[in-house]
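In: give me a 3D structure for the following:
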Amino acid sequence: MSDEEQLYIEVRTVIEKHRATPAISPAWIATQVMCAIHFKPELHRLGYVGCHLQIRQMTRQELRRRLDPIEAIEASVRGEDDLFPETLQERYPKKTHPHEEPVYVLRDEMSDEDVAFNVARMRRGGRALLKHADALEAWDENRPRRAA
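Out: Residues are numbered from 1 along each chain as shown. Here you go, the predicted model:
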C-alpha cells in the first residue's frame, strides 16, 4: 500500500470516528489526522504545514465524494453512483462565502438557510445538466454523419 493510500485511510478513519460530530471541516479533520499519524509541528514546522495542506485537500475530496449533493449528481453522470439514492444524506454543506472552506453539518443540525442553500445548489446543478444535455443533443442532431 502506498503512503498516499495510507493517508486516505487515515482521513476516512477520522471522518468515520467523528460521524456524530455536528459540524466538520477539512482543516479540523486534517488536524485530527496529523495527531493520529503523530506528526507534531515541532518535528518540522514547514513539513507540518505542507502535510496539513495536503491532508486538507484529500479531506475536501473525500467529503465532497461522500457528502456533496452536487458531486453525487456529477458522479452519477460519470456512471459511478446511483443518481437518486433512497435516503437523504446524513450531512450537507453549510452555506459559506466564496473561497471559504466547506463545513459539512449533520442534516438535523442544518439551519433553514443551509437547507435553502443546498436546495438552490441542487436545482441550479440540475438545470445546468439539463441545459448541457439539450445542447449536446442539438449538436448531435445537426452534425454531419459519417458513412458506416
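In: count of residues packed around the nearest residue to residue 115 once chain neighbours are set aside?
Out: Leaving aside its sequence neighbours, residue 115 sits nearest to residue 92 (Cβ to Cβ, 6 or more residues apart in numbering; 7.9 Å). Every C-beta, even on glycine, is put in place using the N, C-alpha and C of the backbone. Using other Cβ atoms under 10 Å, residue 92 has 24 neighbouring residues.
In: element containing residue 92?
Out: Per DSSP states H and E: residue 92 is located in strand 91-93.
In: any weak-confidence spans in the chain?
Out: Residues of the chain meeting the criterion pLDDT under 70: 68-86, 148.
In: need the residue closest to the centroid of it.
Out: The centroid of the chain falls nearest to residue 64 when counting by Cα atoms, centre = their mean (0.6 Å).
In: helix, strand or coil for that one?
Out: helix (DSSP: H, G, I helix; E, B strand; the rest coil).
In: ok, longest helix in the chain?
Out: Identified as the longest helix of the chain according to DSSP state H is helix 112-142.
In: for the helix or strand hosting residue 15, packing partners?
Out: Secondary structure from DSSP H and E places residue 15 in helix 3-17. If contacts are counted by 3 or more Cβ pairs under 8 Å, 6 or more residues apart in numbering; DSSP states H and E, helix 3-17 sits against helix 26-36, helix 45-67.
In: most tightly packed of those helices?
Out: The highest mean neighbour count among the helices and strands packed on helix 3-17, using mean count of other Cβ atoms under 10 Å, belongs to helix 26-36: a mean of 19.
In: I am finished for the moment; much appreciated.
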